[in-house]
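what shape does this take:
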Amino acid sequence: MTTLTSTSSGSDQIKFPWGKSDGSSLTEHIRSCLVIFSALRDCIPSLTQTSQSENFWKLLFWAICLHDVGKLHPEFQNVLKNIKNLWIRQRHELYSVPFTELFNPGTFTEDELILIRQAILAHHKDFQSLGEKFKDKRLLEMEFDEERKYQKLGYHPENFLMGVERIIADEGFQLFLKDIEAFSKSHGFAASLSTDTVKHCFSEAHPFQAIAKSYRKSTPDTDIYWQQMMLWGALKLCDHYGSAGIEKLHNLENSHFKFLYQIKETYGALYYHQHSCGATHANLILVAPTGSGKTEAAMAWLKNQIKSEQGRAYYILPYTASINAMHARLTEQMASPEESPIVGVQHGKLTDYLYNFLEIEHQIEPSQLEVIADQYRKIITPLKIITPFQILKFGYGVKGFETGLAHLSGAKLIFDEIHAYDARTFAQINIFLQYLIRHLGCKVMIMTATMPGFMLDILKKTLGVKCEIRADKQFLERKPRHAVILLEDSIWDHLEKIEQELNDPQKKVLVVCNTVAQAQKVYEELSSLLMADERVILHSRFTGRDRQTKEKKIFNDKTRLLVGTQAIEVSLDIDFDVMYTEPAPIDRLLQRFGRINRRYKKPPCPIYVFSQGGENDHWIYPDNLVDATLACLKQISHIHEKEIQTLMDKVYDGWPEKEQKEFDETSKMFEFALSMLAPFSKHRETEEKFYEQFTGVQVLPASLFQEYQSFIQKRDFIKADRLLVGLQLSGFSQLYSNGQILYRRIPLFNKKDKEENHWISVAQCRYDDDIGMTNEFEPFCDDNFLD
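Residues are numbered from 1 along each chain as shown. Got it, this is the predicted structure:
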């Protein structure tokens, strides 16, 4: 890297204009961005089709080369070098735009030049934000008349044409021009450049007036819309990753799927449904029991997709608590430890933190950059495990949506247990899938063990699937895994029976409660019977760090008791001997049952279902669904896989009236949000709609504040995020009413700038790494607290 320090000689500083405040050159930054450019051509080749522009890569190449020319302004160079200056918080991207006139006639059409200008102008701020700080000619003349120092200077420092002339006259500009001409030849986009017309192209109108003010929003049904959206998003990806020092983007390769061949060698052959998924090139829906290898079927399908065309892959789970376990499982199967990360996890608001941080990239210190680069490497993997909200947010125009949509171009999406979502979330997933398939060319696989028929019909229509793939008759008619026994009353009336089970040292017992508080109480009652390394509790009120430790402990051979909540329902590949569970709707119970006798290697194992749950269960599950489920279970003694769909359809014959209304209204609302999504714009109203729907809030246990603050100030957002605990909105409101929620400010970049502070909700609650966060009061002591 070509770097200079602020103590370099004047001639050196002219020779190598800076691109960052660490002294790295602008040429080096462009080179870094072009590394990402080349990687994107390989990793997301569908951007050509999605952008509906044959010249997409040529447009992107030159947008990259020219996007930061404005940094060559002498005053901005002084800003980077921490020298007294008259930059006055101008925007360097405005000064970059005129240099799109460097090309000889015929290199681009006028429409293509406008696309490049728009992308460059908006590569840090949307058009509305730029307009809020725009000063027209009249205002500049008034300021010039009032400021004696400007009169002495002979011009207003914000005089745009004068600024452009100063850039062109600088020796560093001429050297930079030679560098990008060299880049253009090596990348196959050679062009002759001339400054003759640069000074005059915006003589009549400032770039903001000529481009942003005259911008007219288009709709997703037009070519220009996707040309703008994809060029904008891809430029920002290259700029952000280049600034973060990312040197390579990895693809999924055949070698990452070797474990599928090992399965064949171990078990003789794949199941019928696994083989069928692996032979399918199109969208598909897989319906197969828990423990039937749906994850392997999904990987076989994914392997087939990347044969046709590369694209980023997303494995989408309904619960955050399931993500760590799936990440560990796929990482072990798909990559060796010494390889670069192939499977990544999207950590909370990590993307938002990094996005905002890189928007002020010229302030990044070298030590911070190393931390950021390391975090980016963990989330730009070719396969990411996420919740649906981490992509749904792009449809609402949440900040960074343009880079999110660029990533989703040609993406391969795998939805696991899609039945688990409420009507509102299911509606959004369904509408967004229609959008992604139609506009971004995404391929989609949906998997479920327990989906009502009416939901299947909705998804078949969306995916264009006539028939779903199901496990074959031979598989479904195997001996039953589970014997169901209904127990009258609640878990507290049968605690002694569970204690008797634990007296058998060879038996692994699973207890499932419907609420965290109930699970904690039951765990505390049973803990005294076992050693610490023989018992574990898993629920949503653990920090991410401790939850990962818990998930590892579950698989320890010594573990004989697991107490859990809904957190164990999805994607935990565990196999226990007996279950005691509070009542829930049939689909939820069947997911829980799947953690018992998972491999079909034992005689039918007992599943005890209590007829009563906790006093607050009606806030979680509708009473009518629970009652209908218990009525069905009274009529059977064993669960036969071939009868599961019949059981599901007995309990669910369609959305209840309230949920049907929610589904219809949410569908219309999200369709409207997608229709309003526009390039180069911010979307405050729809962004607010996205965040309004959340019933969960993340808080920081008071005892972990100092550790959290240290991570945030070191820019280690991944470790900071792993100290947070998720709460339902009702639980958060209760703590807030009790005076147990405080708001704490952590300065990030500049203490005088409110936008550069990080705020966190601190819960004054006892936190224990064994049992998690309780409602018990624990004071937060800090002399610098700000309310």
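
in which helix or strand would I find residue 59?
Per DSSP states H and E: residue 59 is located in helix 56-66.

how about residue 562?
strand 561-564.

within the sheet, what are the partner strands of that strand, with directions?
Strand pairing for strand 561-564, determined by DSSP bridges: strand 509-512 (parallel), strand 535-538 (parallel).

out of those strands, which one sits most buried?
strand 509-512 (a mean of 25; mean count of other C-beta atoms under 10 Å). All C-beta spots, glycine's among them, are computed from the backbone N, C-alpha and C.

kindly export that one (C-alpha atoms) in CSV.
Taking C-alpha atoms only, strand 509-512 is exported to CSV below (Å, rounded to 0.1, in the frame of the first residue of the first chain):
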residue,chain,number,x,y,z
VAL,A,509,-34.7,-36.2,29.6
LEU,A,510,-36.1,-33.2,27.7
VAL,A,511,-38.5,-30.8,29.4
VAL,A,512,-40.2,-28.1,27.3
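
low-confidence ranges, the stretch 451-600 of the chain, go.
For the stretch 451-600 of the chain, the stretches with pLDDT under 70 are 571.

show me the strands in it, by range?
Applying DSSP state E, counting those that start in this stretch to the stretch 451-600 of the chain gives strands spanning 469-470, 482-487, 509-512, 535-538, 561-564, 578-581.

and the last one, how far out from the chain's middle?
Centre-to-centre, strand 578-581 and its host chain are 34 Å apart (C-alpha atoms, centre = their mean, to the nearest Å).

can you spell out which helices and strands pack onto that strand?
In this structure, strand 578-581 packs against helix 495-502, strand 509-512, helix 586-593, strand 605-610, with contacts taken as 3 or more C-beta pairs under 8 Å, 6 or more residues apart in numbering; DSSP states H and E.

and it, which strands flank it?
strand 509-512 (parallel), strand 605-610 (parallel).

which residues sit against the first one?
For strand 509-512, the external contacting residues (C-beta atoms under 8 Å, 6 or more residues apart in numbering) are 491, 498, 501-502, 519, 522, 526, 560-565, 568, 574, 576-582, 592, 595-596.

so residue 257 touches residue 299, yeah?
Yes - counting by C-beta atoms under 8 Å, residue 257 touches residue 299, with 6.1 Å between them.

comparing these two, which shows the higher neighbour count?
Higher neighbour count among residue 257 and residue 299: residue 299, with 27 against 19, using other C-beta atoms under 10 Å.

name the SS class of the more buried one, please.
helix (DSSP: H, G, I helix; E, B strand; the rest coil).

for it, what are its contacts?
Applying C-beta under 8 Å, 6+ apart, the residues contacting residue 299 are 257, 259-260, 330, 333-334.

for residue 341, see how far away it is.
17 Å (C-beta to C-beta, to the nearest Å).

can you pull out the helices in the stretch 51-200 of the chain?
Along the stretch 51-200 of the chain, the segments classed as helices by DSSP state H, counting those that start in this stretch run 56-66, 74-80, 92-96, 110-121, 127-132, 137-146, 148-153, 160-169, 171-186.

how about the CA coordinates for the longest one, as CSV?
It refers to helix 171-186. Only the C-alpha atoms of helix 171-186 are listed here, as CSV (Å, rounded to 0.1, in the frame of the first residue of the first chain):
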residue,chain,number,x,y,z
GLU,A,171,-0.3,17.8,-10.0
GLY,A,172,-1.8,14.9,-8.0
PHE,A,173,-4.8,14.9,-10.3
GLN,A,174,-2.7,14.3,-13.4
LEU,A,175,-1.0,11.4,-11.7
PHE,A,176,-4.2,9.9,-10.6
LEU,A,177,-5.6,10.2,-14.1
LYS,A,178,-2.7,8.1,-15.4
ASP,A,179,-3.4,5.5,-12.7
ILE,A,180,-7.0,5.0,-13.7
GLU,A,181,-6.1,4.9,-17.4
ALA,A,182,-3.8,2.1,-16.5
PHE,A,183,-6.6,0.4,-14.5
SER,A,184,-8.9,0.7,-17.5
LYS,A,185,-6.5,-1.1,-19.8
SER,A,186,-5.8,-3.9,-17.3
